[in-house]
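Novice: coordinates for the following, if possible.
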Amino acid sequence: MAEANEVQIPSVKLGNQGFEVSKLGFGCMGLSGSYNSPLSDEDGISVVKYAFSKGITFFDTADAYGPHSNEILLGKALKQLPREKIQIATKFGIQRMLSPDMIVKGSPDYVRSCCEDSLKRLDVEYIDLYYQHRVDTNVPIEETIGELKKLVEEKKVKYIGLSEASPDTIRRAHAVHPITALQMEWSLWTRDIEEEIIPLCRELGIGIVPYSPLGRGFFGGKGIVESVAANSALVMHPRFQGDNLDKNKTIYTRIESLARKHQCTPAQLALAWVLEQGDDVVPIPGTTKIRNLDDNVGSLKVKFTEADLKEISDAVPIEEVMHPRFQGDNLDKNKTIYTRIESLARKHQCTPAQLALAWVLEQGDDVVPIPGTTKIKNLDDNVGSLKVKFTEADLKEISDAVPIEEVAGSRSYQNKDHFLWKFANTPPKN
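Specialist: Numbers count the residues shown, from 1 in each chain. This next block holds a predicted model:
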């Protein structure tokens, strides 16, 4: 396994407006529970502080996480850390996240109200990066971004981001005010943004922040090496259910084999693959475990050739990823993908999670992933992904290990598909 020891996490520019962040971010969502039980404030603060001690300075939260409690916890942690050395990203726009349906809002008055509330919960004077969490398709994007632009002028927000936005929405938003970062799901088994979204971001100078760079924990062994907890949101995720999970296990098996080849863990292989996608790519893996955080950091040491990257990508054919991905036959099928990543992780001397996160990190200097966790060991694992280095061949090998067509199940919950980027167009402004 690629160790997190002595990993120097570099700083990179996210977007072309001068926003500098650590190459590996930290997704805080899990600290308040989602795939796990929420941590106590004391334990959550410890994870954040440990991540900072490892060189992670970019922390991602949202008002919808908890809701609200995630921002409050991060705010408490910030009181014990040097604010000037930390970049906080938070989000607005999801008024209600849970069933029966998500409610998204992007009106100017709502934007301002959310920003003011987040500033209070975080107990800070400004937000470094403020994302629209999901696009309100009933409000012209020009109106939403127009209000965000005012918040920048008032110095309450430094930089503006979007999440799950369509190409048309991205272009129109960027015309109102420069968009610094786009947060999208990107991992070995979710690559639908590569054809259209990634080139657009690079054309416009927008940084890329992959969330769920470890496939919602799949490449860390969730549902394969570890069982999915009964209180985890993953029990409802298609790829982790029944036949889907069984089928996806074949993907894990390939990654497991590639991880052995690269002398890393499957997680490290998967994360390193993301890290290798470019200097504009900053993944944000999350964890609640220190050992996983170390594993993630260790992925920065995993390096791939072009052939490696192709081999890894080919190990996870997207058409093999089963829907629902975490259920029944789909999950079983997806486990074969994990096995491939696990093998590649061994090859790169890292964990599967580190491989997956490092893969996201390698997508470019404008990519800043934000993995989240509630466990210190997972946070260490995430940080360790920065030591995982790939050649172009490595990146290809890892990508080939997760053929998108082989991933069993869709990437999202069935009742949330219409909130993803492909449907995130807003009406024209009159």
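Novice: what are the ranges of the helices in the stretch 51-200 of the chain?
Specialist: Along the stretch 51-200 of the chain, counting by DSSP state H, counting those that start in this stretch, helices occupy 69-78, 108-122, 141-153, 167-176, 197-204.
Novice: what's the first one in contact with?
Specialist: So the one you mean is helix 69-78. Around helix 69-78, the neighbours that count as contacts under C-beta atoms under 8 Å, 6 or more residues apart in numbering are 28-29, 31-32, 38, 41, 44-45, 48-49, 59, 61-63, 65-66, 86, 88, 90, 118, 121-124. Glycine gets a C-beta too; all of them are placed from N, C-alpha and C.
Novice: out of the helices of the stretch 51-200 of the chain, which one sits most buried?
Specialist: Ranked by mean neighbour count, the helices of the stretch 51-200 of the chain are led by helix 69-78 with a mean of 22 (mean count of other C-beta atoms under 10 Å).
Novice: run the angle between that one and helix 108-122 for me.
Specialist: Angle, helix 69-78 to helix 108-122, by axes from the mean of the first three to the mean of the last three C-alpha atoms, to 10 degrees: 40 degrees.
Novice: got the contact list for Ala230?
Specialist: Contacts of Ala230 (C-beta under 8 Å, 6+ apart): none.
Novice: wasn't it part of a strand?
Specialist: No: using DSSP: H, G, I helix; E, B strand; the rest coil, the secondary structure at Ala230 is coil, not a strand.
Novice: any idea how far it is from Lys387?
Specialist: 35 Å (C-beta to C-beta, to the nearest Å).
Novice: kindly report the same for Val47.
Specialist: According to C-beta to C-beta, Val47 stands 20 Å off from Lys387.
Novice: ok, now Trp421?
Specialist: Taking C-beta to C-beta as the measure, Trp421 falls 31 Å from Lys387.
Novice: now do Ile103
Specialist: 41 Å.
Novice: so which of these two has more stuff around it?
Specialist: Shown here are Ile103 and Lys387; by other C-beta atoms under 10 Å, Lys387 has more neighbours (29 against 12).
Novice: residues contacting that one?
Specialist: Neighbouring residues of Lys387 by C-beta under 8 Å, 6+ apart: Ala2, Glu3, Ala4, Glu6, Val7, Val297, Gly298, Ser299, Leu300, Lys301, Val302, Cys350.
Novice: name the SS class of the second one, please.
Specialist: The three-state assignment at Glu3 reads coil, by three-state DSSP.
Novice: and stretch 279-299, average pLDDT?
Specialist: Across stretch 279-299, the average pLDDT comes to 95.
Novice: how far away from the center of its chain is it?
Specialist: 10 Å (C-alpha atoms, centre = their mean, to the nearest Å).
Novice: do me a favour and get the end-to-end distance for that stretch?
Specialist: End-to-end distance for stretch 279-299, by C-alpha to C-alpha, to the nearest Å: 15 Å.
Novice: I'd like the numbering to begin with 685 instead of 1 from here.
Specialist: I'll keep to 685 as the first residue from here, and by that count the last item is stretch 963-983.
Novice: low-confidence ranges, this structure, go.
Specialist: Low-confidence segments of the chain, defined by pLDDT under 70: 685, 688-689, 782-784, 909, 1006-1013, 1094-1102.
Novice: need the residue closest to the centroid of it.
Specialist: Of all residues in the chain, the one closest to the mean position by C-alpha atoms, centre = their mean is Tyr895, 1.5 Å from it.
Novice: so it sits right up against Val1044, yeah?
Specialist: No: look at Tyr895 against Val1044 with C-beta atoms under 8 Å: they stay out of range, at 9.4 Å.
Novice: residues that sit against both of these two, list them.
Specialist: Here Tyr895 and Val1044 have Trp870, Pro967, Pro1053 as joint contacts, going by C-beta under 8 Å, 6+ apart.
Novice: contacting residues for the residue nearest to Met868 when sequence neighbours are not counted?
Specialist: Using C-beta to C-beta, 6 or more residues apart in numbering and skipping the chain neighbours, the partner closest in space to Met868 is Ile877 (5.1 Å). With contact taken as C-beta under 8 Å, 6+ apart, Ile877 is in contact with Met868, Glu869, Trp870, Trp1105.
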